[in-house]
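A.B. asks: Task: produce atomic coordinates for the following.
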Amino acid sequence: MPYIKNRIRDPLYNLIEFRANELENVLWDVIQTREFQRLRRIKQLGFSEFVYPGATHTRFSHCIGTFHIARRLLGIIERESDAFKQIPGQATLAASLLHDLGHGPFSHAFEEVGKRRNIKAIDHEHISNKLIREGAIADTLNKFSRNFSDSVAQVIGDQDDIYSAVVSGGFDADRLDYMQRDRLMTGTYLGTVDLEWLLSNLEVGKVSFALENETPSTRETLVLNHKGIYASEAYIMNLFHMYPSVYFHKTTRCMEKLFTELMLCIMNEIDSGGGKKVNLPAKHCLIRFAKNPDKIENILALDDTIIWGAIDQLKHSENRNISNLSARLANRKIFKCIKKDIKSELLPRVSTPEEKTKLREAFTDLKRQVEAWNLAQRDNCDNLILFDELDRAPYKPALESKKASDRIWLQNNGEIDLLENHSSFLQHVEPFWTARAYVSEADNEAARFFVGILADWHKKLL
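C.D. replies: Presented below is the predicted three-dimensional model:
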């Protein structure tokens, strides 16, 4: 049977081709599986469409785009490396397509439910690994070669070589796609990537890398030549700016917090009352998940459309919190952010080690008091304080990484070194850090309580 060329029209790259060869025909079959098609119903940016109406793109389109970029990166490795191996390269191409398989509804907001309830199964990397190694996707992959599914899963895991750099690295296909795609769909001019220049200045080089107190080892990875240094700095800076502007936008984050609280209320109601007040049929996906959240099949039954489809019924729940939170999500009646710079309110000037220690102590106590307040208000979600702490470094120091492929390497005059050692921008830019508190009304009891805590700590620290 002859191999077939398949094509997908993409708003970012125009045509993405799946070539007429055995591997890419198998990957086309993988796309047709139920598990992969589910990604059409999970938005890439979760609730960001409530801020940027165009941000309705999905994990499905992102995975296809990541596959497209990964093939270009692999082309560089095949051209530049004498040690290119076909099977690892093929596994890497498959891994780029499948790296986001395990995401749940509203992605990272759903994972927060798992953290709050200590449900280890709710982790997209764990679920992705399981889906690649077992079931329909594994069966399809293994038609290409025996145990091919295991090779694909290893690329996404802790593997540290030039192939893992394609899927999870300094210039990986994942970031190179979502930065461009998220910029396009949100309409922002942040997140710009000089893709063609970066790719044209990528080479293969041998680097010496080790974690602290370990013996360095030499391995091949992707490196930039000196002509790419400014484009790489712009890439890092633009990704850094996407966080406060898009990914950490206060409205998006508040919607995520409300969704998390709604899911927790549903699960608590089922724990205490069996779910009679939830107002969903006993066989509904949400009910099945809440009763047995460790079962992966129950997690995979959920997506964004399932949640939105249940919202109208949840609005009529006999549980006041469930009905309230559902109505807020449906009508975008979100909590309001207290207009206080929490860090500055606690301690206006932070420069010495002693001042930083004081701020950490105050912040820890602040969170403790908020948690105690919320515990006392659990029967009335309108009195909750939704606390949000956010941080993002522009670029992680080398010693924080466990893999050489996570770093960006620069080749100059025959020497290969870490980019941060040659970039004054990376050496001086400060990490982004902020903390926010959301309350249902601007001047209710919860707001007054929170502002009072800030004022008390402000007096102690001065």
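A.B. asks: And the lowest-mean-pLDDT helix or strand in the chain, what does it pack against?
C.D. replies: The weakest-scoring helix or strand in the chain, judged by mean pLDDT, DSSP states H and E, is helix 342-346 (a mean of 85). Counting contacts by 3 or more CB pairs under 8 Å, 6 or more residues apart in numbering; DSSP states H and E, helix 342-346 packs against helix 353-376, strand 432-439, helix 445-461. The C-beta positions use only the backbone N, C-alpha and C, and glycine is treated the same way.
A.B. asks: if we go to 10 Å?
C.D. replies: Under the contact definition 3 or more CB pairs under 10 Å, 6 or more residues apart in numbering; DSSP states H and E, helix 342-346 sits against helix 353-376, strand 386-392, strand 432-439, helix 445-461.
A.B. asks: winner for burial among these?
C.D. replies: Comparing those by mean neighbour count (mean count of other CB atoms under 10 Å), strand 432-439 ranks first with a mean of 18.
A.B. asks: picking up where we left off before, which among the helices and strands packed on helix 342-346 is found nearest to residue 286?
C.D. replies: Proximity to residue 286 (CB to CB) singles out strand 386-392 among the helices and strands packed on helix 342-346, at 21.5 Å.
A.B. asks: Run the chain-centre distance for that closest one.
C.D. replies: Relative to its parent chain, strand 386-392 has a centroid offset of 15 Å by CA atoms, centre = their mean, to the nearest Å.
A.B. asks: do stretch 44-55 as well
C.D. replies: Counting by CA atoms, centre = their mean, stretch 44-55 comes out at 14 Å from the chain centroid.
A.B. asks: If you count neighbours, what's buried in the least confident helix or strand of the chain?
C.D. replies: By neighbour count with 16 or more other CB atoms under 10 Å, helix 342-346 contains the buried residues 342, 345-346.
A.B. asks: C-alpha coordinates for stretch 22-37, PDB please?
C.D. replies: C-alpha atoms of stretch 22-37 as PDB (Å, rounded to 0.1, in the frame of the first residue of the first chain):
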ATOM      1  CA  GLU A  22       5.900   5.200   7.000                       C
ATOM      2  CA  LEU A  23       6.500   7.300  10.200                       C
ATOM      3  CA  GLU A  24       4.400  10.300   9.300                       C
ATOM      4  CA  ASN A  25       1.600   8.100   8.000                       C
ATOM      5  CA  VAL A  26       1.600   6.400  11.400                       C
ATOM      6  CA  LEU A  27       1.600   9.800  13.100                       C
ATOM      7  CA  TRP A  28      -1.300  10.800  11.000                       C
ATOM      8  CA  ASP A  29      -3.100   7.700  12.300                       C
ATOM      9  CA  VAL A  30      -2.200   8.800  15.900                       C
ATOM     10  CA  ILE A  31      -4.000  12.100  15.200                       C
ATOM     11  CA  GLN A  32      -7.200  10.300  14.400                       C
ATOM     12  CA  THR A  33      -7.300   8.500  17.800                       C
ATOM     13  CA  ARG A  34      -9.900   9.500  20.500                       C
ATOM     14  CA  GLU A  35      -7.100  10.600  22.800                       C
ATOM     15  CA  PHE A  36      -5.600  13.000  20.400                       C
ATOM     16  CA  GLN A  37      -8.900  14.300  19.000                       C
END
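A.B. asks: Tell me where the model's unsure across this structure.
C.D. replies: The chain contains residues with pLDDT under 70 at 1, 211-213, 397-401.
A.B. asks: hmm, back to that, need the contact partners of the least confident helix or strand of the chain.
C.D. replies: Helix 342-346 is contacted from outside by 338, 340, 350, 358-359, 361-363, 365-366, 387-389, 433-437, 450-451, 453-455, 457-458, 460-461, using CB atoms under 10 Å, 6 or more residues apart in numbering.
A.B. asks: just stretch 179-188 next, same as before
C.D. replies: 10-13, 43-45, 48-49, 51-57, 61-62, 65-66, 69, 189-193, 195, 235, 238-239, 241-242, 245-247, 249.
A.B. asks: List buried members of those by neighbour count.
C.D. replies: Buried among the contacts of stretch 179-188 by 16+ other CB under 10 Å: 12-13, 43-45, 48-49, 51-52, 55, 57, 61-62, 65-66, 69, 190-193, 195, 235, 238-239, 241-242, 246-247, 249.
A.B. asks: Can you tell me which of those residues end up in helices?
C.D. replies: Using DSSP state H, 61-62, 65-66, 69, 195, 235, 238-239, 241-242 are the members of the buried ones among the contacts of stretch 179-188 that sit in helices.
A.B. asks: Can you name the residues bridging to residue 434?
C.D. replies: Taking DSSP bridges as the rule, residue 434 bridges to residue 390.
A.B. asks: List the residues that contact it.
C.D. replies: 244, 248, 250, 341-343, 388-392.
A.B. asks: try it again with 8 Å
C.D. replies: By CB atoms under 8 Å, 6 or more residues apart in numbering, the contact set of residue 434 is 244, 248, 342-343, 389-391.
A.B. asks: Using JSON lines, lay out the residues you listed together with distance to residue 131.
C.D. replies: As requested, those are exported to JSON lines (distance: CB to CB, whole Å):
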{"residue": "244", "distance to residue 131": "33"}
{"residue": "248", "distance to residue 131": "29"}
{"residue": "342", "distance to residue 131": "40"}
{"residue": "343", "distance to residue 131": "41"}
{"residue": "389", "distance to residue 131": "31"}
{"residue": "390", "distance to residue 131": "30"}
{"residue": "391", "distance to residue 131": "31"}
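A.B. asks: if I look at the spatially most central residue of the chain, how far off is residue 247?
C.D. replies: What sits nearest the mean C-alpha location of the chain, by CA atoms, centre = their mean, is residue 108, with 6.0 Å. Using CB to CB, to the nearest Å, residue 108 is found at 9 Å from residue 247.
A.B. asks: before we move on, what about residue 38?
C.D. replies: Going from residue 38 to residue 247 by CB to CB gives 23 Å.
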